[in-house]
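Q: give the three-dimensional model of this entry:
(2 chains)
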Amino acid sequence: MLHKLFRSICCSCSTPSPLQIHSAPSFSSSIQHLEEKIAFLIRKCPDMRALRQIHGHLLRNPFICPFPSLTFALSKVLGFCALSSSGDISYAGRLFDVIPQPNVFSWNSMIRGYSQAQNQSMAPIKLYKRMLCSGCAIPNSYTIAFVLKACSNGSAYAEGRQVHSHAYRYGLDSSSFVQTGLMNFYAKCEEIASARAVFDGIHGKNLVAWSAMISGYARIGMANESLGLFREMQEVGLSPDEVTMVSVISACAKAGALGLGRWIHSFVKRKGITADLVLSTALIDMYSKCGLIKKAKEVFDEMVDMDTMAWSTMIVGFATHGLVEDALNLFSRMIESKVKPNQVTFLGVLSACAHSGLVSHGRRFWSAMQDSGIPPRWNITAAWSTSSVEPASSTKRSPSPAGCPSTQTS
DNA sequence: GTAGGGTTAG
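A: Have a look, this model is predicted:
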């Protein structure tokens, strides 16, 4: 089926003759047509099995897919393997290693793919270093944003600062995606003053920039600053969305600001902001932490689809309030609903058992937890290299501006 | 000329 489809697509895009190649508009149009077809085919690709067939066709029939279309096609194949939920990052890695001169799209797909993959915390930054050293592709705003995300996830502060200076040197620091990436990176590394410096330097801040800063303050418990910025955002005429509201609700939860939290909840309703899964979970947490467990349960009961985090938040809430029976009953309902518990869920039920001296129940949950493959302890280690990351050549600008770190590591 | 940023539980 796929074979036939591929054949028909490729046959409909005839290989340009030498005459056509000299006739630039015709050649260019033919190439573009072929690339559109290949992109379509990969976009519709259901799984790795089909993707491997497409990849095989490309390699076996280079005459129907000449350079530069082969480069384009391979970067599309790579993008699917590295980024799609039905992709395969190890296949992407093997493919990437045999591409002679990967283009910037391929580098970016791999950097982003490794950032999203489990147990690959070192890989994105190593790859970024390889990209800079290779000198065959210049980072763009996508590269910088993806690497910054990887640095945020891995709390790789030294590397992130270097990436900041690279953003400046390559003239990419005016990209809104890079700016948001920088704010998030600094906020996640608890360098909130640096995050704020980036935020203050943005001209024409959009909703994402405001939300990122509000979230940065909320995350480290600076509730007043978070809520103050939320007010300021509205004063400049920007309307918050559900993502902004989640951070604001989280700030109320951390501050134990029930009055404000209730006002925010009514604000969400009044403005018609969708109380999606994440926002509802944030509300449950806020009401629970502010002592209003009944209201938390009301929000939970109104939810249609609950994930592990929503169930766990409610279970932990009950446990914290000493409502042991409610916590254990909810855990049973969660299992009946076929939602998989995680370490936080078990922490909730075990803490409920501890509060009420239910030793035998506790032992059963302890065994069930280990049977589920959840170890009693887990470590999240940021195994990042602290070695220097330097571009191979070509700096666009120097020296660094105020607030932008030097590229040299001490 | 392929693609992207801000959100929740311990």
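Q: where does residue A:215 sit: helix, strand or coil?
A: helix (DSSP: H, G, I helix; E, B strand; the rest coil).
Q: how about residue A:138?
A: coil.
Q: what's the answer for residue A:102, then?
A: Strictly by three-state DSSP, residue A:102 counts as coil.
Q: tell me which residues touch residue A:257, please.
A: Residue A:257 makes contact with A:223, A:227, A:251, A:290, according to Cβ atoms under 8 Å, 6 or more residues apart in numbering. (Each C-beta comes from the backbone N, C-alpha and C, glycine too.)
Q: which helices and strands sit right next to the host helix or strand of residue A:232?
A: Assigned by DSSP states H and E, residue A:232 belongs to helix A:223-235. On a contact count with 3 or more Cβ pairs under 8 Å, 6 or more residues apart in numbering; DSSP states H and E, helix A:223-235 meets helix A:207-219, helix A:242-255.
Q: which two in the contacts of residue A:257 are spaced the farthest apart?
A: Between any two of the contacts of residue A:257, the greatest separation by Cβ to Cβ is 14.2 Å, found for A:227 and A:290.
Q: so residue A:45 sits right up against residue A:53, yeah?
A: No - the criterion here is Cβ atoms under 8 Å, and residue A:45 misses it with residue A:53 at 9.0 Å.
Q: neighbour count winner among these two?
A: A direct count of neighbours by other Cβ atoms under 10 Å for residue A:45 and residue A:53 places residue A:45 higher, at 21 against 16.
Q: ok, and the closest non-adjacent residue to that one?
A: Among residues not flanking residue A:45 along the chain, residue A:51 sits closest, at 5.0 Å (Cβ to Cβ, 6 or more residues apart in numbering).
Q: what residues go with each domain of chain A?
A: What the TED database lists as the domains of chain A is A:204-305, A:306-375.
Q: would JSON lines of those domains with mean pLDDT be doable?
A: Listed next are those as JSON lines, based on pLDDT from 0 to 100:
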{"stretch": "domain A:204-305", "mean pLDDT": "97"}
{"stretch": "domain A:306-375", "mean pLDDT": "95"}
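Q: tell me if stretch A:331-340 is near DNA strand B.
A: No - figure legend: stretch A:331-340 not in contact with DNA strand B (Cβ under 7 Å from any atom of the strand); closest approach 10.4 Å.
Q: what's the span of that stretch, first residue to last?
A: By Cα to Cα, to the nearest Å, the extent of stretch A:331-340 from end to end equals 10 Å.
Q: contact partners of the helix holding residue A:232?
A: For helix A:223-235, using Cβ under 8 Å, 6+ apart, the contacting residues are A:210, A:213-215, A:217-218, A:240, A:244, A:247-248, A:251-252, A:254-255, A:257, A:260.
Q: buried set for it?
A: Of the residues in helix A:223-235, A:223, A:225, A:226, A:227, A:229, A:230, A:233 count as buried by neighbour count, 16 or more other Cβ atoms under 10 Å.
Q: which of the residues in stretch A:237-252 are buried?
A: Residues of stretch A:237-252 classed as buried by neighbour count (16+ other Cβ under 10 Å): A:238, A:240, A:243, A:244, A:245, A:246, A:247, A:248, A:249, A:250, A:251, A:252.
Q: and those near DNA strand B, which?
A: Applying Cβ under 7 Å from any atom of the strand, the subset of those adjacent to DNA strand B comprises A:240, A:243, A:244, A:246, A:247, A:250.
Q: show me what from the stretch 201-350 of chain A comes close to DNA strand B.
A: Contact residues (Cβ under 7 Å from any atom of the strand) of the stretch 201-350 of chain A with DNA strand B: A:206-209, A:211-212, A:215, A:218-219, A:240-244, A:246-247, A:250, A:253, A:276-279, A:281-282, A:285, A:289, A:307-310, A:312-313, A:316, A:342-345, A:347-348.
Q: can you select the buried ones from the residues you listed in ChimeraX?
A: Burial among these is assessed by 16+ other Cβ under 10 Å; the matching ChimeraX selection reads:
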select /A:208,209,211,212,215,218,219,240,243,244,246,247,250,253,278,279,281,282,285,289,309,310,312,313,316,345,347,348
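Q: tally of neighbours for residue A:305?
A: 10.
Q: helix, strand, or coil at it?
A: Secondary structure, three-state DSSP: residue A:305 is coil.
Q: and it, what is it in contact with?
A: When the contact criterion is Cβ under 8 Å, 6+ apart, the partners of residue A:305 are residue A:277.
Q: pull the longest helix from chain A.
A: The longest helix of chain A (DSSP state H) is helix A:24-43.
Q: for the residue nearest to residue A:160 when sequence neighbours are not counted, give me phi and psi.
A: Residue nearest to residue A:160 in three dimensions, not counting chain neighbours: residue A:151, with 3.5 Å by Cβ to Cβ, 6+ apart. Dihedral angles of residue A:151 (phi, psi; degrees, to the nearest 10) stand at phi -70, psi -40.
Q: just residue A:179 next, same as before
A: Dihedral pair for residue A:179: phi -60, psi -40, per degrees, to the nearest 10.
Q: hmm, it is touching residue A:208, no?
A: No - if you go by Cβ under 8 Å, residue A:179 and residue A:208 don't touch, sitting 9.3 Å apart.
Q: wait, what's in contact with residue A:202?
A: A:176, A:179, A:209.
Q: now do residue A:277
A: A:303, A:305, A:306, A:307, A:310.
Q: how near is it to residue A:169?
A: Computed with Cβ to Cβ, to the nearest Å, the distance linking residue A:277 and residue A:169 is 41 Å.
Q: where does the closest residue to residue A:359 other than its chain neighbours sit: helix, strand or coil?
A: Closest residue to residue A:359 apart from its sequence neighbours, by Cβ to Cβ, 6+ apart: residue A:353 at 7.4 Å. Per three-state DSSP, the local secondary structure of residue A:353 is helix.
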